[in-house]
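[1] Quick one, fold the following:
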Amino acid sequence: MKQQLTEDFKLYEFEKSNVAKAYGISNHVPNMAIYNNIKQLCTFILQPLREQFGIIKINSGYRSTELNKHKKIKGSEASQHQLGEAADIKFRNQETFINAIAYIKEHLAFDQLIVYKKKNGLVKFIHVSYSGKNRRQVMEK
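    Down below sits the predicted model:
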């Protein structure tokens, strides 16, 4: 599988996990179907965001089933991260977060957009996904 997914995104950014590393859990993309999902996520969501807003930090990309179940992750059994369809991302500041959220809603074909906020109301990170269904579902947590 090619490491370069789009102009600005590489596969290792999606496989990287501090939890997987700390606990010896494999988090390598196991097949072309998941690889292709990650590539679509990058092509249709993350690369346009990068071109519009600059640097994006991927907190969590692909998650193997074992990693997703781990007590430090506690991912949903139906997590799109396991399919390579989702990424949790951060931007450099709150203004960029707010503008990126609006841009996603207005300009991109997304499946889910979940805005995670801190106790003080500031955005902590966003979860964004892309799939063949693209429900355009927006939530806040």
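[2] Leaving out the residues flanking it, which one is nearest to Ala20?
    Asn27 (4.0 Å; CB to CB, 6 or more residues apart in numbering). For glycine as for every other residue, the C-beta is placed from the backbone atoms N, C-alpha and C.
[3] residues in contact with the one you found?
    15-17, 20, 62-64, 67 (CB atoms under 8 Å, 6 or more residues apart in numbering).
[4] Please convert the buried members of these into ChimeraX selection syntax.
    To isolate the buried members of the contacts of Asn27 in ChimeraX, using 16 or more other CB atoms under 10 Å:
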select :15,16,17,20,62,63,64,67
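[5] Tell me which two in the contacts of Asn27 are the farthest apart.
    Lys16 and Ser64 (12.5 Å; CB to CB).
[6] Would you state the helices of this protein in chain order?
    Assigned by DSSP state H, the helices in the chain fall at 12-15, 18-23, 32-41, 47-53, 65-69, 94-107.
[7] Contact partners for the residue nearest to the spatial centre of the chain?
    In the chain, the centroid-proximal residue (CA atoms, centre = their mean) is Ala87; its distance is 0.6 Å. Contacts for Ala87 were tallied using CB under 8 Å, 6+ apart; they are 14, 41, 45-46, 58-61, 81, 127-129.
[8] how much space between the residue located most distally from the centre of the chain and Glu106?
    Ranking residues of the chain by C-alpha distance from their mean position (CA atoms, centre = their mean) puts Asn120 at the top, at 23.3 Å. Going from Asn120 to Glu106 by CB to CB, to the nearest Å gives 26 Å.
[9] go on, Gly75?
    29 Å.
[10] what about those two, which has more around it?
    Just comparing Gly75 and Glu106: by other CB atoms under 10 Å the higher neighbour count belongs to Gly75, 17 against 7.
[11] Looks like that one contacts Ser64 (just checking).
    No: look at Gly75 against Ser64 with CB atoms under 8 Å: they stay out of range, at 10.4 Å.
[12] shared neighbours of those two, anything?
    Gln82.
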